[in-house]
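S.K.: with the input below, show me the fold.
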Amino acid sequence: MLVPTREGRESACTFPSSAWLQRIARIDVHGDTGTLRTADAESVAIVLHGTLDLFAGGSAWARRGARTTPFDGRPVAVYLPPLTPYGSSDGDGALLFASVRQPPIRSIADGREALARKPLLPLLGSGKAFDPTSGEWRPRETFPDSPEAILPRRIARLATPGGTVVERVLGLDYKSRGLCVDETSLVRGVPLRFVPPHAPGYPSEAALWLEVDGELTVDGALVPSDGVPRALACSPDAMPELRLERGRAYALVVWAGAKPAT
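M.R.: Purely as a prediction, here's the structure:
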């Protein structure tokens, strides 16, 4: 089990031996973060707790966040394409950031289709850009290579037999080419084993991020409740069993690989 390295406002774990997984980090936010930038990877930033004024690329979303702790409330997230400037201009809380290597895109013969991956001729102040494949103006966020806010109404809730609800923040049908993300708050006494969003050849890798305020076991091993998150690289076909014995616990799982539509 990995203990994050603390540097400034970030507590981060990296996965240097993984083919797809790159980084998971908790970013504490108190006011303006300045402009951060994603690596050459596709990423997601989830509001772990608090209310933040988020921005990414040329878009901004004020007062995002719906939970006071990681253990209650529903997630709000922003999808971040490679090499995207992002951050929070105001607010108090924390972001949970995860990044994976982005698979190469299939070859595109149609020049219009290639142009349609990024917003073209954005209309100032409208939030829209031109789509050459349809000849229409559509929301800038909907383009494949644009940052996009993911609000609770778009997040699927998956019930498990024991009553735990898993929030599928990014699913197989989302525009990301290699990244899917689930999260949950565990129910005391109810074991949970995350089930991957299976598709042919996907996912290839997985990683867990755990925030614990109490007593949590991972395949029977106790996770220290010392206020420090933990991370763990996993096989998607043999996910560990999580069991909350006392208190509260939050778990995020990052699924990585090449989605079939890539």
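
S.K.: now do the strands in the stretch 51-200 of the chain.
M.R.: For the stretch 51-200 of the chain, the strands defined by DSSP state E, counting those that start in this stretch occupy 59-67, 77-80, 85-100, 120-123, 128-131, 136-139, 148-150, 156-159, 165-170, 179-185.

S.K.: so which of those strands gets nearest residue 194?
M.R.: Proximity to residue 194 (Cβ to Cβ) singles out strand 179-185 among the strands of the stretch 51-200 of the chain, at 6.0 Å. Using the backbone N, CA and C atoms, a C-beta is placed for each residue, glycine as well.

S.K.: show the low-confidence segments of the stretch 101-250 of the chain, by residue range.
M.R.: In the predicted model, the stretch 101-250 of the chain carries pLDDT under 70 at residues 106-127, 129-135, 137, 139.

S.K.: sorry, back to before: nearest to residue 40, of the strands of the stretch 51-200 of the chain?
M.R.: Each of these has some distance to residue 40 by Cβ to Cβ; the shortest is strand 85-100, at 9.5 Å.

S.K.: other SSEs contacting the closest one?
M.R.: Applying 3 or more Cβ pairs under 8 Å, 6 or more residues apart in numbering; DSSP states H and E, one finds that strand 85-100 contacts strand 21-30, strand 36-37, strand 42-56, strand 59-67, strand 179-185, strand 205-218, strand 242-256.

S.K.: now do the buried residues in it.
M.R.: 86-88, 91, 93-100 (16 or more other Cβ atoms under 10 Å).

S.K.: likewise for stretch 159-168?
M.R.: By 16+ other Cβ under 10 Å, the buried positions in stretch 159-168 come out as 160, 164, 166-168.

S.K.: can you redo those residues as a markdown table with distance to residue 13?
M.R.: Converted to a markdown table, those look like this (distance: Cβ to Cβ, whole Å):
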| residue | distance to residue 13 |
| --- | --- |
| 160 | 26 |
| 164 | 24 |
| 166 | 22 |
| 167 | 21 |
| 168 | 22 |
